[in-house]
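Chemist: Sequence plus the predicted model coming up.
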Amino acid sequence: MANSSAAPIMLELVDENGTTIGTAEKLSAHVPPGRLHRAFSVFLLDAAGRLLLQRRALGKYHSPGVWSNTCCGHPYPEEPPFAAATRRVGEELGVAPSLLREAGTVRYNHPDPASGLVEQEYNHLFAGLVREELRPDPEEIAETAFVTPEELEKRHATDAFSTWFMTVLDAARPAIREVTGGAGGW
């Protein structure tokens, strides 16, 4: 449980071009209508070209219990997105990403009907490989799964996914194909 006397987590607010224009406390940036802020999404694949998904822990205040990409989050103010992505993969999954590369950016506005919060993000995308045994933090991750595109399609049709998942996956597909050398059919 979070310590109530802990300093608030701050995010970088950005304009439509991704230029930093200020900061805001994390939760306040997600309250409707949302404030555009910097975020990142990571897609890691195994040697067979299967995508690592995570089901968010049930204790998360935002989008608990839904499936999403390997890792996502927000850089601290002035923290480079690549450094933040690498840091959070380690914190959440207990591994270091391998051959992590930038995969572009995507801008979106996704309200989450379940929580009432809004994802108004300028999202930096990253793709790479995972070559170590996962050690997920149960405070962050309820479950993990490696999936092929066909398995993802079936799972997406039946299971709950984060509101941003398909937006970030579609934007990252070209880099995912590069990382896998075309393996896996992404």
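Modeler: Happy to help now that I have it.

Chemist: Mind telling me what element the most centrally placed residue in the chain is part of?
Modeler: The centroid of the chain falls nearest to residue 72 when counting by C-alpha atoms, centre = their mean (2.0 Å). Secondary structure assignment for residue 72, by DSSP states H and E: strand 71-73.

Chemist: Can you spell out which helices and strands pack onto that strand?
Modeler: strand 37-45, helix 81-93 (3 or more C-beta pairs under 8 Å, 6 or more residues apart in numbering; DSSP states H and E). All C-beta spots, glycine's among them, are computed from the backbone N, C-alpha and C.

Chemist: who does that strand pair up with?
Modeler: strand 37-45 (antiparallel) (DSSP bridges).

Chemist: Buried residues, the next helix or strand after the partner strand. List them.
Modeler: Next helix or strand after strand 37-45 toward the C-terminus (DSSP H and E): strand 51-56. By 16 or more other C-beta atoms under 10 Å, the buried positions in strand 51-56 come out as 51, 52, 53, 54, 55, 56.

Chemist: what do you get for stretch 151-163?
Modeler: In stretch 151-163, counting by 16+ other C-beta under 10 Å, buried: 152, 156, 161, 162, 163.

Chemist: Would you mind giving both backbone torsions of the second one?
Modeler: In this case it means residue 156. phi -60, psi -30 (degrees, to the nearest 10).

Chemist: Local confidence estimate at it?
Modeler: Looking at residue 156, its pLDDT stands at 96.

Chemist: on that earlier part again, now distance to residue 64 and secondary structure too, for the buried residues of stretch 151-163, in JSON lines please.
Modeler: Below are those laid out as JSON lines (distance: C-beta to C-beta, whole Å; DSSP: H, G, I helix; E, B strand; the rest coil):
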{"residue": "152", "distance to residue 64": "21", "secondary structure": "helix"}
{"residue": "156", "distance to residue 64": "18", "secondary structure": "helix"}
{"residue": "161", "distance to residue 64": "13", "secondary structure": "strand"}
{"residue": "162", "distance to residue 64": "10", "secondary structure": "coil"}
{"residue": "163", "distance to residue 64": "13", "secondary structure": "coil"}
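
Chemist: right, and residue 72 touches residue 40 too?
Modeler: Yes: Residue 72 is within contact range of residue 40, at 6.5 Å (criterion: C-beta atoms under 8 Å).

Chemist: shared neighbours, these two?
Modeler: Residues touching both residue 72 and residue 40 by C-beta atoms under 8 Å, 6 or more residues apart in numbering: 88, 123.
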